[in-house]
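> Let me see the structure of the following:
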Amino acid sequence: MAVETPLKTSLRRAGRGPSAATGRPRRRPRVSKAWVKAVVALLLVVELYPLVWMFLTSLKSNSDYLNNSTWSLPTSWEWGNYSEAWTTGNIGLYVRNSLLAVGPALALILLLGTAAGFALQIMVWKGRSLTLVVFLAGMMVPPQMILLPLFTVYFQTGLSGTLWPLILTYTGTGLPLTVFMMATYYRAVPREMFEAATLDGAGILRSFWTISVPMVRNALLTVGLVEFFFIWNDLLIALTFTNSQDLRTVQVGLLNFTGDFGATQYGPLFAAICINVFGTLLIYLFLNQKVMKGLTSGALKG
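Residues are numbered from 1 along each chain as shown. This next block holds a predicted model:
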């Protein structure tokens, strides 16, 4: 005959001990794996179906798109839509302009934002809390409010007709968020490392470049990718400051993607959209793991 001990009694009452009738441990009800797989499959369909539909539409002719059902497959696979979008539609020129505007702006944002985050969290000086509040206040200013004053300034300084208005505006609008995020990541960096470097004779610039930057490289990659997508997908600023076709970025070029006599060529248009979307999607998929590390690196102190 089994002896009922206080430990067995407490485990049985908590539902973790053996059952009195069967003598076997009780099992908690688990969510069926089939439901989890069904939900994941549904999410995949929701995410992938628009991409598949967009790709198939890019291979349709103009008459096929207008006369047949939107959900039908192409009657003839028009692979020439991509070459027409790249050459006749000038999507290659628009991509080049976007790269020329995004590249310098992103480099300035990361350089200035990282330096500002280092100064606000690692260095000790009077007024740094107020300076951080000023940067945070910059996140609350709508971009629509600064377009007209900036347009006047760029026109009077002779910068209109170049890509410099885009570079400077993207840098100014991207800095507040970057400074805030980098300051948050620097909070997780141990101060003892900078104290040890100072005792070894390292100056502030050496501590910044050789110690702090390598420690926040994943955060830099994450912030850079976030800012890249913000700038690359911008339409309002690019539409305001590009006054000629030679300066249009990708988003402005897609807005004005027309053929002869102003008629929209849907096949080349969707081909240009696919070039834009799948190009940025490949960048994200390639850097996905580093982005996840960067998102979690500032979550814990230590």
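> quick one: Ala116 and Met181 touch, right?
No. No contact is recorded between Ala116 and Met181 when judged using C-beta atoms under 8 Å, the distance being 10.9 Å. For glycine as for every other residue, the C-beta is placed from the backbone atoms N, C-alpha and C.
> Wait, a helix at Thr210?
Yes. According to DSSP: H, G, I helix; E, B strand; the rest coil, Thr210 belongs to a helix.
> Find me whatever residue is spatially closest to it, sequence neighbours aside.
Sequence neighbours aside, Ala202 is the residue nearest to Thr210 in space, at 7.5 Å (criterion: C-beta to C-beta, 6 or more residues apart in numbering).
> Could I get the phi/psi values of that neighbour?
Main-chain dihedrals, Ala202, degrees, to the nearest 10: phi -80, psi 140.
> Please give the element, helix or strand, for the closest residue to Ser207 other than its chain neighbours.
The spatial neighbour of Ser207 that comes closest, neighbours along the chain excluded (C-beta to C-beta, 6+ apart), is Ala197 at 4.9 Å. When elements are defined using DSSP states H and E, Ala197 is found to belong to helix 191-199.
> And Asn243, by the same measure?
Secondary structure assigned from DSSP H and E places Asn243 in neither a helix nor a strand.
> Going forward, the N-terminal residue is numbered 30.
Understood, numbering begins at 30; the last thing we discussed is Asn272.
> In this structure it contacts Leu192, no?
No. When contacts are counted by C-beta under 8 Å, Asn272 is not listed as touching Leu192 (11.5 Å).
> Counting neighbours, go ahead and name the busier of those two.
More crowded of Asn272 and Leu192, by other C-beta atoms under 10 Å: Leu192, with 19 against 13.
> Who's the closest spatial neighbour of the more buried one, skipping the chain neighbours?
In space, and not counting its chain neighbours, Leu192 is closest to Ala130: 5.0 Å by C-beta to C-beta, 6+ apart.
> Now do the same for that neighbour: its pLDDT.
At Ala130, the pLDDT value in this model is 95.
> Centre-most residue in the protein?
Val255 (3.0 Å; C-alpha atoms, centre = their mean).
> distance of it from Phe209?
As judged by C-beta to C-beta, to the nearest Å, Val255 and Phe209 stand 12 Å apart.
> Low-confidence ranges, the stretch 230-331 of the chain, go.
287-292, 319-331 (pLDDT under 70).
> element containing Leu250?
Here Leu250 sits within helix 246-261, counting by DSSP H and E.
> do the same with Gly187
Using DSSP H and E, Gly187 falls outside every helix and strand.
> same thing with Leu85?
Assigning secondary structure by DSSP H and E places Leu85 in helix 62-86.
> tell me what the helix or strand following that helix is packed against?
The helix or strand immediately downstream of helix 62-86 is helix 91-96, counting by DSSP H and E. Counting by 3 or more C-beta pairs under 8 Å, 6 or more residues apart in numbering; DSSP states H and E, the packing neighbours recorded for helix 91-96 are helix 295-315.
> neighbouring contacts of the helix it packs on?
If you take C-beta atoms under 8 Å, 6 or more residues apart in numbering as the criterion, helix 295-315 is touched by 80, 83-84, 86-91, 94-95, 107, 110-111, 113-115, 117-118, 120, 124, 254, 257-258, 261, 279, 282-283, 286, 288, 320.
> switch to 7 Å and redo it
Residues lying outside helix 295-315 but in contact with it, judged by C-beta atoms under 7 Å, 6 or more residues apart in numbering, are 83-84, 86-87, 89-91, 94, 107, 110-111, 113-114, 118, 120, 258, 261, 279, 283, 286.
> buried set for it?
Residues of helix 295-315 classed as buried under the neighbour-count rule (16 or more other C-beta atoms under 10 Å) are Tyr295, Gly296, Pro297, Leu298, Phe299, Ala300, Ala301, Ile302, Cys303, Ile304, Asn305, Thr309.
> Which single one of those is nearest to Ser241?
Ser241 lies nearest to Thr309 out of those, by C-beta to C-beta, at 29.1 Å.
> From Ile196, how far off is the closest one?
19 Å.
> What are the phi and psi values at Gly190?
Backbone torsions of Gly190, given as degrees, to the nearest 10, read phi 90, psi 10.
> That one - how many residues pack around it?
By the measure other C-beta under 10 Å, the count of residues near Gly190 is 15.
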